[in-house]
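S.K.: Give me a 3D structure for the following:
(4 chains, ligands or ions: 4)
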Amino acid sequence: MESETVDGGAVVLSARRICKSFNGVQVLFSVNFDLRAGEIHALMGENGAGKSTLVKVMSGFEQPSSGEIVLDGKPVKLPANGDAEALGIVIIHQEFNLAEHLTVTESLFLGREMTRFGVLDRKRMRAETRRVLDLLGSHVDENALISTLSIADKQMVEIAKAISRDARVVFMDEPTAVLSREETNFLFRQVRKLRDQGTSFVFVSHKLDEVMELTDRVTVLRDGQWVKTSPTAILDGESIAQLMVGRELSSLYPAKTEPDVDEEVVLRVNSVSTGYVKDASFEVRKGEIIGFSGMIGSGRTELMEAIMGLRSRASGEVTVRGEVVPSGDAHAANLHGLGYMTKDRKSKGLLLNSGMMANLTLQSLDQHTRLGYLDPKSEAAALAKATRRFDIRVRDGNVVAGRMSGGNQQKLLLAKVMETEPDIIIIDEPTRGIDVGTKQQIYHFISALARDGRSIIVVSSEMPEIIGLCTRVAVMREGRIVGVLEGEEISEQEIMRYAAGLKRKAAA
Amino acid sequence: MSVNEETGERGIRRRSWRDVDLRAVAPFAALALLLIVGAMVNPNFIGITNLANVATRSAFIAIIAVGATFVISSGDLDLSVGSMVAFVASLMILFMNSGVIADPALMLTAAMALAVAIGIACGLANGLITTVGKIEPFIATLGTMGIYRGLTTWLSQGGAITLKSPELQSMYRPAYFGNIFGLPFPIVVILVVTAIAAFILYRTRYGRHVVAVGSNRDVARYSGIHVDRVRTIAFAIQGLCVAIAVLLYVPRLGSTSATTGILWELQAITAVVVGGTALKGGAGRVWGTICGAFILELVGNIMLLSNFISEYLIGAIQGAIIIIAMLVQRSLVRKS
Amino acid sequence: MSVNEETGERGIRRRSWRDVDLRAVAPFAALALLLIVGAMVNPNFIGITNLANVATRSAFIAIIAVGATFVISSGDLDLSVGSMVAFVASLMILFMNSGVIADPALMLTAAMALAVAIGIACGLANGLITTVGKIEPFIATLGTMGIYRGLTTWLSQGGAITLKSPELQSMYRPAYFGNIFGLPFPIVVILVVTAIAAFILYRTRYGRHVVAVGSNRDVARYSGIHVDRVRTIAFAIQGLCVAIAVLLYVPRLGSTSATTGILWELQAITAVVVGGTALKGGAGRVWGTICGAFILELVGNIMLLSNFISEYLIGAIQGAIIIIAMLVQRSLVRKS
Amino acid sequence: QDAKTIGVSIPAADHGWTAGVVYHAERVAEQIRKEHPDAKVIVKTSPDPASQANAVQDLAVQGLDALVILPTDPDQLVNAIKEVKAAGTFVTIVDRAPSVNDATVRDLYVAGNNPALGQTAGEYIKANTPDAEVVVIRGMPIPIDQQRQDGFDKGIAGSNVKVLDRQFGNWNRDDAFKVMQDYLTKYPKIDVVWCQDDDMAVGVLQAIDQAKRTDIQYVVAGAGSKDMIKKVMDGDKMIPVDVLYPPAMVGTAMELTAAAVFNQVPVHGTYTLDATLITKENAKNYYFPDSPF
Ligand SMILES: Nc1ncnc2c1ncn2[C@@H]1O[C@H](COP(=O)(O)OP(=O)(O)OP(=O)(O)O)[C@@H](O)[C@H]1O
Ligand SMILES: Nc1ncnc2c1ncn2[C@@H]1O[C@H](COP(=O)(O)OP(=O)(O)OP(=O)(O)O)[C@@H](O)[C@H]1O
Ligand SMILES: [Mg+2]
Ligand SMILES: [Mg+2]
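M.R.: Ligands and ions are numbered 1, 2, ... in the order given. Okay, here's the model as predicted:
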């Protein structure tokens, strides 16, 4: 733990008795928050606790319903829409804040383009972009269109955008949720450097280890209320979790149950190739949880999408209980009992302008059809059940999906996929942006499904998740499955070895 | 998690009436305003005959616009509907003139079936060119607009196509001029078509899929929806609605020409948008749409009944009224 | 974690030139195809005179469409351009006929300045109604379309407004019929306008903002861009382009009427879309747009020069050609 | 006794000729109002058949004693007209007759003569340039245009006059300009242009002028707009004649109708106007410098 905290450093920005309501529904209750010069301050809380809302209020993107923001000891009304940047306050949004049609450079400089004699200085902007991306260890091409980037790369651009501005205060709302460990390390290095130069950071994350590693102080919110602020050094992960959830947490991962060796093979993937993925073969037994690990961009998502018929397969075959699943037909895959939860909840998972119910039942409308028409009562019942089962917390049941907190969106997405009652469930990044309490719930849920005789494929970049849940782990590298690990072999070092290409073995 | 129960309960809370309903009600408010204006302009305006006339003749645009609501909700656009009306009507009349079926009742039934079939086929063609050909719907249907209109010109050899048999004509006439329990038949058709459309859009799986596709194609695809099929069917529904409009149009004038239905596509789209459906797709308001169609027709009617406006300025005032009606709507929604 | 280097390398992949450039080139490929078809249809087609004629008369739509590229890129739509042409031209001619300035050269200059000012004002009006009034641009400009057209009809009392002074007329005539180094003057204007537009769209801050606003309004707003201002200015640019088109239009026939510019909005939008700009906004291709305008004019020209097509079918075949041209474009882009 | 209402339904001013119709309808309406102070004369314009049918309905709602209608497309309006007639209203149809044009549809028919407009033009060309190669610019694909074409063909029948091409110019000067430009590209030699409408002639003349072609001997237009009649009067070589198809006919119809309504003058039946050939000699009789057309 770093200890160069500027202890008792001057308070730069603070929130005093902030209340915030949306459409008459209160989400922040008289919250106080102080940010000192040159500190990294973690903001923790369950999904929907109000972290993002507080961050938005303190950066001018939302106006508080009551209470005041104090900058350098003076109460201010922050200008809206990112204009607070002029005051040195920038924010990395939890939702991506990028326009798909622009290039990386264009996005980075949007709203503050460099010009020479009124003409865009594209060369200088490109060079500057390259410089900032390199600082962050990102290899994103500065001329690439945003629409062609992976989520992680978009997040890096988003971070680069904030870092590159001369900021006094940087709010980072779950910047690492979609990043790999290395990318996170690069980011942290940069953050510490800037912190040492006097920049203050607010770091929102559900990753306890990162919070412990990076931050100087922690503030915990629960249900929109301030619970505690204290130096990170005197806390440990467990106590933070306890503060957040308001009770003690039992062990995160449920006990593993291995399926019988003679259990039926339900899914067989036979040398499937697509654009990038080459010759992938594996099989999944009934009641099994198999993990897919690998570096970012190793092709896991692409393989899963190919299995699901969301991408056409160049060659190879997918069978479920001996029946061939046609290529390029997602609906047919569903009918075969396959279910897929995308990692990209914003642009592929949820209809952001629709309410919870429309989203939840979109994929499973058949279940609610009576004599050819949809039965709203049956849908409402499904929603009530799903909100309980997945602990979806919204303060306003009428809110559209795009306005829900990030974690609750993730839960809604999971609920949506589970509504189809698939036998074989592919979950891409199951707990992205999920708080610890709910994480535990989701793990137990997955495990219960497996015990129930369903098969689960977990694609995850979080090593502990893979190790804690799965009885078998396939590792991908450059579009190929380079090894399938079992039992004792499953460990962080071993998986890394395969992922890095230091080791490989024939697919099981 | 102890907050559970309580969150759940809150979750089920009724959809806030202020938020949702006012937006749906707004077009009707604009309509009410127009009715008041109309009544001030001319005392005849509020008479049953006049209002029934206006409602009756809004039938064509209203029914076409109901179809357009599907296409627009699914994120597409159909510019060909006006010329499709001309095309379907021409073929229908030509068929009736051909006299291949001797019995008039049978002939009429066959002709109507034919019109419906052609309408759906034209709609399907639009849909397939757009989805399979992956061409912007604006261009694809601009192309078919030219094609349908051109074929009509060719069929009519530049003239008009008129229903010849007086027997058929008098038999068919009530389809536009008749009434059921005092309600003009076209109004009955509008109501039935709209009710069915509302049912499909709000109460069936297909309707949900339309909105999902219009709202975000990727999300729809990842939810196992056949996006192209949904879009194509929406175009086919549009074609069907055009055919239904033709079934009312032919008995009214008993004839068509290459100029039939010119600019109806603009009117239909306007009706949809005035009715509260956004052109970007992702939400459809069928009842709003027919309200929009009625508003458009009413504006024209008020112009005609008012006797103090230079007819040169009619277009200008119609334009101004449409803008004002939209401003009224917006301010209503914003106030809520 | 040592894998870093290598993952990196893959990341550095250049923005694929095939992906981007072919899409920009596609309209030109369709144009080339048309030129070949034209040459086969009629040997006169490829003659300099004919091609110059076509290019010259595409000037109005091309210049208007350049403005439309801004509006469409920023995610809006302007349906009023056709009637705006009529309105601006009428006022310009009326001003010249008023004879308030005796010196013809001065009068002409003043009239041109007036036209530009009115065009910009009309565009601004569209922009403000859309942004401040928060009305869908489709409806807002449909309204102003009616207003401008109605005012024109009223100004002309339904007839034509003709430039009276023969002196002014002969002085102004070269603006359409003249040429510079053998290049017809309107073509020069197209090229200059497009070059300036391309510069603004691709090389200035404002151009960036236009694309950002069209791509994602919220993102643009969050980046501190004044979204409404950007949109309004795009409408004003559209108005300016309309005014420039008028400056070329008036010398051609020396008169306007209430029917001038009818349906030009559809043509302008078509030119923009055929040129590769998506109607959903977020990307503008100015050079593609003038290519699109030229394609449209060429299709009509080929139809007329061909000897084997019934004049009744011209519309149908034009429609088909547009669809085919788009399919050619698409297949080119997809193959890449 | 003078408190009568006359409804006048005419096409919207969508080109010069219809603009003339609107002008004359307004002019005569004013005149009737002056003569009969209690009379109501309501003039309504409509852009297409469907909206004209609506307009007729709207006029009927106001209680009509007489209807004067110049239908945009007669066959499509027969039903609407019959409706009015059935209510006992005096009906006058102007210019464009439906296929069934008898006392069941109207009381009075004031006929412009569309076939004659074509025929007069054709006969003039036949008489003056019997071996001419002619290009034709049509209006829009609607019946009256077809009637003019048929009349023209009848007019040139039995001569060596050859029609090289017929294309639509939509009664629009810009479109006519384009079509003419392309004709000039397509045909190295053109003797005569028949463009049947004065509006389109404006575009045609500009195109010929631009191409500096001297082979075209003259242009025959039609309608009788003040600009073209002026040219005829001035002896313009390119516009030696014009075929009269006066928009003022609507005024004639209104006057006759007023006579029927107010003074019970029996004016039933058909009044046909000639498609007079305007030449340099008689041009001044048809020149109205104040008309917008
Ligand atoms: N614009 C809005 N309109 C309505 N409700 C909103 C809006 N923004 C946030 N909320 C609600 O406020 C509550 C707090 O959301 P917030 O995004 O601040 O949570 P969070 O702590 O960031 O959660 P997470 O960890 O899941 O990101 C949620 O119930 C959310 O639905
Ligand atoms: N060298 C390369 N050539 C072509 N495409 C590549 C290359 N490297 C990566 N890609 C792209 O990366 C994608 C693989 O990313 P995918 O999302 O499937 O990986 P992932 O393992 O799921 O990573 P993530 O953690 O980002 O989800 C492929 O679709 C491919 O387009
Ligand atoms: Mg959040
Ligand atoms: Mg992945």
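S.K.: Please give me every residue in contact with residue 84.
M.R.: Here I'm looking at chain A. A:59-60, A:78, A:90 (C-beta atoms under 8 Å, 6 or more residues apart in numbering or on different chains). (Each C-beta comes from the backbone N, C-alpha and C, glycine too.)
S.K.: Hmm, no, I was thinking of chain B.
M.R.: Counting by C-beta under 8 Å, 6+ apart, residue B:84 makes contact with B:119, B:122-123, B:144, B:148, B:239, B:242, B:261.
S.K.: Going by distance to ligand 1, which of the residues you listed wins?
M.R.: For these, the minimum distance to ligand 1 (C-beta to the nearest ligand atom) is 39.1 Å, reached by residue B:123.
S.K.: got the contact list for that closest one?
M.R.: B:67, B:78, B:84, B:235-240, B:242.
S.K.: Out of those, grab the one that's most surrounded.
M.R.: Highest neighbour count within the contacts of residue B:123, by other C-beta atoms under 10 Å in any protein chain shown: residue B:242, with 37 neighbours.
S.K.: anything in the longest helix anywhere in chain D near chain C?
M.R.: The helix that spans the most residues within chain D, counting by DSSP state H, is helix D:16-35. Yes - shown here: helix D:16-35 in contact with chain C (C-beta under 8 Å from any C-beta of the partner chain) through D:16, D:18-20, D:22-23.
S.K.: What is whichever helix or strand comes after that helix packed up against?
M.R.: Counting by DSSP states H and E, the next helix or strand C-terminal to helix D:16-35 is strand D:40-46. Packed against strand D:40-46, as judged by 3 or more C-beta pairs under 8 Å, 6 or more residues apart in numbering or on different chains; DSSP states H and E, are the following elements: strand D:5-11, helix D:16-35, helix D:49-61.
S.K.: Pick the most buried one from the ones you listed.
M.R.: strand D:5-11 (a mean of 26; mean count of other C-beta atoms under 10 Å in any protein chain shown).
S.K.: Just the angle for that strand relative to strand D:40-46, thanks.
M.R.: 20 degrees (axes from the mean of the first three to the mean of the last three C-alpha atoms, to 10 degrees).
S.K.: can you tell if strand D:5-11 touches chain B?
M.R.: No - on the criterion C-beta under 8 Å from any C-beta, strand D:5-11 is out of touch with chain B, staying 9.1 Å away.
S.K.: List the residues that contact the closest residue to ligand 1 within the stretch 101-250 of chain D.
M.R.: Residue nearest to ligand 1 within the stretch 101-250 of chain D (C-beta to the nearest ligand atom): residue D:174, separated by 51.6 Å. With contact taken as C-beta under 8 Å, 6+ apart, residue D:174 is in contact with C:253, C:260, D:203.
S.K.: out of those residues, which is most surrounded?
M.R.: Result: residue C:260 is most packed of the contacts of residue D:174 (other C-beta under 10 Å), 28 neighbours.
S.K.: I'd say that residue and residue C:85 touch.
M.R.: Yes - the pair residue C:260 and residue C:85 qualifies as a contact (C-beta atoms under 8 Å) at a distance of 6.0 Å.
S.K.: shared neighbours, these two?
M.R.: Common neighbours of residue C:260 and residue C:85 (C-beta under 8 Å, 6+ apart) are residue C:249.
S.K.: Give me the neighbour count for the residue in the stretch 401-508 of chain A that ligand 3 sits nearest to.
M.R.: Proximity to ligand 3, evaluated over the stretch 401-508 of chain A using C-beta to the ion, is greatest for residue A:406 at 4.4 Å. Applying other C-beta under 10 Å, we find 23 other residues in the vicinity of residue A:406.
S.K.: same question, residue B:278
M.R.: 17.
S.K.: Ligand 2 versus the residue lying farthest from the centre of chain A, what's the distance?
M.R.: In chain A, the greatest distance from the average C-alpha position (C-alpha atoms, centre = their mean) is reached by residue A:117, at 42.1 Å. In this structure, residue A:117 and ligand 2 are 40 Å apart, going by C-beta to the nearest ligand atom, to the nearest Å.
S.K.: what's the answer for residue A:377, then?
M.R.: Counting by C-beta to the nearest ligand atom, the gap from residue A:377 to ligand 2 is 39 Å.
S.K.: tell me which element that residue falls in.
M.R.: Applying DSSP H and E, one finds residue A:377 within helix A:376-389.
S.K.: quick one, phi psi at residue A:12?
M.R.: Backbone torsions of residue A:12, given as degrees, to the nearest 10, read phi -90, psi -50.
S.K.: Now do the same contact list for it.
M.R.: A:35-37, A:71-72, A:168-169, A:200.
S.K.: ditto for residue B:204
M.R.: A:369, A:372-374.
S.K.: Go again with 7 Å.
M.R.: By C-beta atoms under 7 Å, 6 or more residues apart in numbering or on different chains, residue B:204 lies in contact with A:372-374.
S.K.: which of those are buried?
M.R.: The neighbour-count criterion (16 or more other C-beta atoms under 10 Å in any protein chain shown) marks residue A:374 among the contacts of residue B:204 as buried.
S.K.: Lowest-confidence one in the contacts of residue B:204?
M.R.: Among the contacts of residue B:204, residue A:372 carries the weakest pLDDT, at 80.
S.K.: and the nearest residue in space to that one that is not next to it in sequence, what pLDDT?
M.R.: Nearest residue to residue A:372, sequence neighbours excluded (C-beta to C-beta, 6 or more residues apart in numbering or on different chains): residue B:204, at 6.7 Å. pLDDT, residue B:204: 92.
S.K.: Tell me the residues of chain A that contact chain C?
M.R.: When proximity is defined as C-beta under 7 Å from any C-beta of the partner chain, chain A approaches chain C at A:81-83, A:85, A:97-102, A:106, A:110-111, A:113, A:115, A:118-120, A:139-141, A:143-145, A:181-182, A:295-297, A:499-500.
S.K.: Just the buried subset of these, written out for ChimeraX, thanks.
M.R.: Selection of buried members from these for ChimeraX, criterion 16+ other C-beta under 10 Å:
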select /A:81,82,85,97,98,99,100,101,102,106,110,111,113,120,139,140,141,143,144,145,181,182,295,296,297,499,500
